[in-house]
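Undergrad: Next one to model:
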Amino acid sequence: TRIPNLLQSQAALGHISRTQLDLFRVQAQISSGRAISRYSDDAAKAAAIALLDGRLEHADQYKRNLDHADSSLTTLDKALGDASDLVLEAKGIASDMVGVGATASERAGQAQVVNSLIQTLYGIANRQSIAGHVFAGSTPGSPAIVPLLGGYRYAGQGSGLLTELGL
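TA: Residues are numbered from 1 along each chain as shown. Alright, predicted model coming up:
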């Protein structure tokens, strides 16, 4: 059969154009490091990639949540340990001052020590972690303990913050 020259040249041009387009796609894949740049390239692979990307994002968020929870619990544990030490120290001072052997000036001096222990305990009660004030309940942006009429009052509200940690 005879093929006209015009048809033969158009077929060759179409073949060259498709080859150049394929080369362009391969070059784009090599330069970007991605096999798929649009959903229209391969819808099934693109959907699988989107699903895996979502799982990776969730895993990263869970890791960040665990890191925040660990930081908060570490701060909380340290604060409770410090508070326990202060209470034991105050208990020792109180037991030393009970009885006949202590003079008024010794008791006044120890009262100043106890006041400094109370101020330290106030600082511990308002300790902050990465999530805010650790003892403030559901309001970590505000201090847990506030001064009130020469004493102190708990100002936290709610049961605390919740963090999604996965299964």
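Undergrad: can you map out the strands along the protein?
TA: Counting by DSSP state E, one finds strands in the chain at the ranges 128-129, 132-133, 145-148, 151-154.
Undergrad: I'd like to know how many residues surround Ala125.
TA: When counting by other CB atoms under 10 Å, one arrives at 19 neighbours for Ala125. C-betas here are computed from N, CA, C, even on glycine.
Undergrad: pretty sure it contacts Ile145?
TA: Yes: between Ala125 and Ile145 there is a contact at 4.3 Å, judged by CB atoms under 8 Å.
Undergrad: Name the residues contacting each of the two.
TA: 135, 152 (CB atoms under 8 Å, 6 or more residues apart in numbering).
Undergrad: Which pLDDT value does the model give Gln20?
TA: pLDDT, Gln20: 95.
Undergrad: Check the burial of it by counting its neighbours.
TA: When neighbours are counted by other CB under 10 Å, Gln20 registers 10.
Undergrad: Same question for Leu13.
TA: Per other CB under 10 Å, the neighbour tally for Leu13 reads 10.
Undergrad: ok, now Tyr62?
TA: With other CB under 10 Å as criterion, Tyr62 counts 15.
Undergrad: pLDDT-wise, which helix or strand of the protein ranks last?
TA: strand 132-133 (a mean of 80; mean pLDDT, DSSP states H and E).
Undergrad: Pull the distance from that one to the chain's centre.
TA: Its chain's C-alpha centre and that of strand 132-133 lie 13 Å apart, by CA atoms, centre = their mean, to the nearest Å.
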